[in-house]
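Trainee: Got a sequence here, can you model it:
(2 chains)
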Amino acid sequence: MGQREDEFLEYVQSGGQIEVDDWMPGEYRARLRKFIEMHGNSELMGVLPEREWILRAPTLQRKLALTAKVQDEVGHAQLIYRVVEDLGKPREQCLDDLISGKSKFHNVFHYPTKTWGDVGVIAWLVDAAAIISQKALLKCSYAPYARIMKKICWEESFHILHGRDVVLTLMLGTEDQRELVQEALNRWWGPLMQFHGNPIPPEDDSMFVWRIKSQGNDAARQQFLDGYVPQIWELGLTVPDPELRKDEETGRWHYTEPDWDELMHVVTGHGPKTADRLDLRRAARENSAWVRSVLLAA
Amino acid sequence: MSERAELLLGIADDELVLGWRDSEWTGIAPFLEEDVAFSSIAQNEIGHARALYELAAQELGTTADELAFDRQPEEYRCCRLVELRLPDWEHTIARHWLYEEADAARLERLKASDDPEVAGLAEKIDREEVYHRMHAQMWFDRLKDEPRFVAAVDELRPLIDVRDGHSPELTELWEQMTEVRRSQPAGTTW
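Mentor: Residues are numbered from 1 along each chain as shown, chains lettered A, B, ... in the order given. Purely as a prediction, here's the structure:
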């Protein structure tokens, strides 16, 4: 690394933030753009698992809340792609790369949503895991990204309340309803434990080194377990991991090692719903191509 | 059932079913901006349906949710226009524009009602519908020279007044919208 890169690294590591027109090392720009683009893709693909249940929401209030939540996720994608655009990649290119499988999206959005129980568990726990990752971006060394993250985190905190309310209502309901939640938790626990990524030390994680994020993967997972396992237990649910326990001396949670091969397999485009969801997005984009061309010609 | 309850249910069913259809665009509209817009419109329509059902429910001794979900498909009073599944943009915008135009005229009549509750609610609903009309008109202006859009408007226009009987598409929609609710005994909390 040259002197200018060294100074940049020292600047961001001491809490400095940069703006869109500031100089940045090529590697930083490339990694930042890829990371933010994947975040935008994840917001957009994250719409699809819950979208399937918008038409089946069982009360008017749930219908309104779920539509609003999914709408927020699209709004987040819109904001995030703008930041990517400022870094030199147009939104249309991001969408093309997403559909062709060239770019990636988060592991949890590659799985099916089988019941209304999944809708509650996703809004509560997937969004809880996501907000931990996103809060670690509030001090991002790239200031435009840090700024939009404030709005995003604020909205995500409402999604968690909505999800918890769906789950709580089901847990207070019939035996079948409680089973829906337990089955959904059993399905989602593996992907949730993989969510924050493999436990590489922060000093080897380029996202942390460049202070794009302010927390390492394992610290994020510990924070998730610490915040949510007690709540899961309190609701009378069982976490499907016999090894899960908190070491009261160290304050650390012990758990069965997440399946990192599954994570790699899924995020490289081989999840159970990856192909279906990309096909849906591709078909929607092809069907409405004429609309975009009419507008662009105007 | 009183004439008033029948009137309220007819409008509420239109708004509910259209809101449900509009929400099919959440996540897959031609632009992210339209995704957000159609989701907002869907929420507004369903919010209007809820307020109208609540007014009818007071009179009928039931609840808005029971009116929205627990009737049989043939009991809904919505017009044919709103119940169709229209998975393309030209028909969606044609319906949006036709409905908003007809709805505006209906709201004007309701605002002049001598029933203060009905007139007050119509006033409140109209404050949001203004934005739907602007959105519909903007799209109409953009697409008005497109043959596929013109054809869609011509095809759908007669359906706004069709209220006798339903298409199989309403039953399909009803099965989806009540699927979770019907999976447990009546009265279960969701």
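
Trainee: which residue is nearest the middle of chain A?
Mentor: In chain A, the centroid-proximal residue (C-alpha atoms, centre = their mean) is residue A:130; its distance is 4.6 Å.

Trainee: Which pLDDT value goes with that one?
Mentor: Residue A:130 is assigned 96 on the pLDDT scale.

Trainee: what about it, which helix or strand?
Mentor: helix A:127-135 (DSSP states H and E).

Trainee: Ok, residue A:163 next?
Mentor: Going by DSSP H and E, residue A:163 is in helix A:143-171.

Trainee: What is the neighbour count of residue A:201?
Mentor: When neighbours are counted by other C-beta atoms under 10 Å in any protein chain shown, residue A:201 registers 10. No exception for glycine: its C-beta is placed from N, CA and C like everyone else's.

Trainee: Tell me, how many residues neighbour the residue in the stretch 151-298 of chain A that chain B sits nearest to?
Mentor: Closest residue of the stretch 151-298 of chain A to chain B, C-beta to the nearest C-beta: residue A:288 (3.4 Å). Residue A:288 has 18 neighbours, counted by other C-beta under 10 Å.

Trainee: who touches whatever residue of the stretch 101-250 of chain A ends up closest to chain B in this structure?
Mentor: For the stretch 101-250 of chain A and chain B, the shortest gap (C-beta to the nearest C-beta) falls at residue A:116, measuring 4.7 Å. Counting by C-beta atoms under 8 Å, 6 or more residues apart in numbering or on different chains, residue A:116 makes contact with A:53, A:56, A:58, A:166, A:170, A:180, B:180, B:190.

Trainee: what's the distance between it and residue B:188?
Mentor: With distances taken as C-beta to C-beta, to the nearest Å, residue A:116 is found 11 Å from residue B:188.

Trainee: same question, residue B:153
Mentor: Applying C-beta to C-beta to residue B:153 and residue B:188 gives a distance of 43 Å.

Trainee: go on, residue A:186?
Mentor: Taking C-beta to C-beta, one finds residue A:186 at 22 Å from residue B:188.

Trainee: So which of those two has more stuff around it?
Mentor: Neighbours per residue (other C-beta under 10 Å) separate residue A:186 from residue B:188, with residue B:188 holding more: 17 against 14.

Trainee: And what about that one, helix, strand or coil?
Mentor: Following DSSP: H, G, I helix; E, B strand; the rest coil, residue B:188 is assigned to coil.

Trainee: Look up phi and psi at it.
Mentor: phi -70, psi 140 (degrees, to the nearest 10).

Trainee: With residue A:254 instead?
Mentor: Dihedral angles for residue A:254 - degrees, to the nearest 10 - are phi -100, psi 140.

Trainee: Now it: closest residue in space, sequence neighbours ignored.
Mentor: With C-beta to C-beta, 6 or more residues apart in numbering or on different chains as the criterion, residue A:254 has its nearest non-adjacent residue at 5.5 Å, and that residue is residue A:245.

Trainee: Isn't the one you found up against residue A:256?
Mentor: No. Contact criterion C-beta atoms under 8 Å: residue A:245 and residue A:256 do not qualify, at 11.0 Å.

Trainee: Can you check what angle separates the helix holding residue A:130 from helix A:143-171?
Mentor: Orientation note: helix A:127-135 sits at an angle of 160 degrees relative to helix A:143-171 (axes from the mean of the first three to the mean of the last three C-alpha atoms, to 10 degrees).

Trainee: and helix A:127-135, what does it pack onto?
Mentor: helix A:143-171, helix A:217-234 (3 or more C-beta pairs under 8 Å, 6 or more residues apart in numbering or on different chains; DSSP states H and E).

Trainee: Around chain B, pick out the residues from the stretch 1-150 of chain A.
Mentor: Residues of the stretch 1-150 of chain A lying close to chain B by C-beta under 8 Å from any C-beta of the partner chain are A:44, A:47-48, A:51, A:53-60, A:62-64, A:67-68, A:70-71, A:74-75, A:77-78, A:81, A:91, A:116.

Trainee: Quick check on those: which are buried?
Mentor: A:44, A:47-48, A:51, A:53-60, A:62-64, A:67-68, A:70-71, A:74-75, A:77-78, A:81, A:91, A:116 (16 or more other C-beta atoms under 10 Å in any protein chain shown).

Trainee: Mind checking which of those residues are in strands?
Mentor: Per DSSP state E, strands hold no members of those.

Trainee: what residue ranges in chain B are flagged as low confidence?
Mentor: Along chain B, the model assigns pLDDT under 70 to no residue.

Trainee: just to revisit the earlier point, which members of the contacts of residue A:116 are the farthest-apart pair?
Mentor: A:56 and A:170 (14.4 Å; C-beta to C-beta).

Trainee: how about residue A:16, phi and psi?
Mentor: Per degrees, to the nearest 10, the backbone of residue A:16 is at phi -70, psi 150.
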